[in-house]
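*Asks:* Generate a structure from the sequence data that follows.
(one chain, ligands or ions: 1)
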Amino acid sequence: MRVFSGIQPTGEIHIGNYLGAIKQWIKLQKNNECVFCIVDLHALTIPYNPKVLQKLILEKTISYIAAGINPKKSVIFVQSKVKEHTELAWLLSIVTPIGELKRMTQYKEKAEQFKVNLNAGLFNYPILMAADILLYQTDIVPVGKDQEQHVELARIIARKFNQKYGKTFQEPQAQLPKSGAKIMSLSNPKKKMSKTDNPQGYISLFDSPKEIKSKIMKSVTDTGKEIKYSPGKLGISNLLTIYSLFSEKPIKEIEKKFKNKGYAEFKKSLVNLLINSLEPFRQKRKEFQGKEKEIKNILEEGAKRAQILAQPTIQKARQKMGLI
Ligand code: AQP
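*Replies:* Numbering: from 1, shown residues only. A predicted model of the protein is given here:
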């Protein structure tokens, strides 16, 4: 199977990104052909600082590798280094209905969040994402819940293109984890955990024990004191999900363990679990600090491999559309 997924170089990778997407990538890379992309062009659609973008891209590559992506097995590269992504995005825009783009939840939310100087790039984001995926004849796209709608649109675009110009693209399938597809913010459990949110709302894979303790102990929980998973208890349910996924124990068992114990005791236990679970990531990242040259080589090699994979598809799309 061909697997494709991407992540934006917008901030620290958090446990939501890990549980929703990266954990699946690590499993999938064992037996599949995986292509992982740092989607820098997508990151330009919201306010950012051009002076630190390159630094963030290198940091993100280190984070990927520290989290378990093996550059010897999987292709890792930066989106803007493979020009076929933007070329295909334009070709796909010809078959993309504007009505579909207007329906996209992420566009509506980000357009609300970044009202001033709203740009067309944010609106066209899902077309570029469809190009990212379709360029590699992808079978599976492991993502969190928030990206499911975009993968569905990539399927629609592939189908429309194939109907109009003849079979060119594989229709991809989103793959969401059974649990953890939408980890919520620690400071507002009604919102998803997000990199560009207030740092109190997320735990980075590389937070120090002190930061983990402070964020979990201050995390917003509901009134009452029962440790119980329930739709009316968003904060505690979110923490129980995180506990369950890092301890690999069912939620029912954790509820039982903390029966008649208060939120503070449960939170303290979660702090210890997270400090221990995230320790290997912190260690692995340290090993790569200062190895900028090595990281740049990995990305250069990744871009070459990605371009080789992308070429036949872009040629086919051009030819079908009458450009060759
Ligand atoms: N809270 C989450 N729970 C589960 N999965 C999540 N993902 C993101 N947030 C959660 C998944 O992580 C992958 C990479 O995300 P992205 O970099 O493309 O950006 P995003 O989806 O927009 O995530 P963020 O963290 O909220 O970033 P910003 O703040 O930059 O927008 C995706 O597969 C995503 O589903």
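
*Asks:* mind listing the helices for the stretch 1-150 of the chain?
*Replies:* Under the criterion DSSP state H, counting those that start in this stretch, the stretch 1-150 of the chain contains helices at 15-17, 23-28, 40-43, 50-67, 84-93, 98-103, 105-113, 120-134, 148-165.

*Asks:* other SSEs contacting the fifth one?
*Replies:* If I follow you right, that is helix 84-93. Under the contact definition 3 or more Cβ pairs under 8 Å, 6 or more residues apart in numbering; DSSP states H and E, helix 84-93 sits against helix 120-134, helix 292-320. Backbone N, C-alpha and C define where each C-beta goes, glycine included.

*Asks:* Show me what counts as buried in the first one.
*Replies:* Within helix 120-134, the residues scored as buried using 16 or more other Cβ atoms under 10 Å are 122-134.

*Asks:* Which stretches in the stretch 151-300 of the chain count as strands?
*Replies:* 173-175 (DSSP state E, counting those that start in this stretch).

*Asks:* Give me every residue in it lying close to the ligand.
*Replies:* A181, K182, I183, K192, M193, S194, K195, T196 (Cβ under 6 Å from any ligand atom).

*Asks:* so can I have JSON lines of the helices of the stretch 1-150 of the chain showing mean pLDDT?
*Replies:* Below are the helices of the stretch 1-150 of the chain laid out as JSON lines (pLDDT from 0 to 100):
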{"stretch": "helix 15-17", "mean pLDDT": "96"}
{"stretch": "helix 23-28", "mean pLDDT": "96"}
{"stretch": "helix 40-43", "mean pLDDT": "97"}
{"stretch": "helix 50-67", "mean pLDDT": "94"}
{"stretch": "helix 84-93", "mean pLDDT": "98"}
{"stretch": "helix 98-103", "mean pLDDT": "97"}
{"stretch": "helix 105-113", "mean pLDDT": "93"}
{"stretch": "helix 120-134", "mean pLDDT": "97"}
{"stretch": "helix 148-165", "mean pLDDT": "98"}
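
*Asks:* For the ones you listed, state which one has the densest average packing.
*Replies:* For the helices of the stretch 1-150 of the chain, average neighbour numbers computed from mean count of other Cβ atoms under 10 Å are highest in helix 15-17, which has a mean of 26.

*Asks:* coming back round to it: closest one to the ligand out of the buried residues of helix 120-134, please.
*Replies:* M129 (8.8 Å; Cβ to the nearest ligand atom).

*Asks:* wait, the closest one sits on R155?
*Replies:* No - the criterion here is Cβ atoms under 8 Å, and M129 misses it with R155 at 11.8 Å.

*Asks:* and the residue of the stretch 51-200 of the chain nearest the ligand?
*Replies:* Closest point on the stretch 51-200 of the chain to the ligand, by Cβ to the nearest ligand atom, is G144, at 2.4 Å.

*Asks:* Could you measure from that residue over to L135?
*Replies:* G144 sits 21 Å away from L135, going by Cβ to Cβ, to the nearest Å.

*Asks:* Looking at these two, which one has more neighbours?
*Replies:* L135 (27 against 23; other Cβ atoms under 10 Å).

*Asks:* Now do the same contact list for the more buried one.
*Replies:* By Cβ atoms under 8 Å, 6 or more residues apart in numbering, the residues touching L135 are E84, H85, L88, L309, A310, T313, I314.

*Asks:* The same query, at a cut-off of 7 Å, please.
*Replies:* By Cβ atoms under 7 Å, 6 or more residues apart in numbering, L135 lies in contact with E84, H85, L88, A310, T313, I314.

*Asks:* and the residues you listed as JSON lines, adding distance to the ligand?
*Replies:* Output for the contacts of L135, formatted as JSON lines (distance: Cβ to the nearest ligand atom, whole Å):
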{"residue": "E84", "distance to the ligand": "20"}
{"residue": "H85", "distance to the ligand": "15"}
{"residue": "L88", "distance to the ligand": "19"}
{"residue": "A310", "distance to the ligand": "20"}
{"residue": "T313", "distance to the ligand": "22"}
{"residue": "I314", "distance to the ligand": "23"}
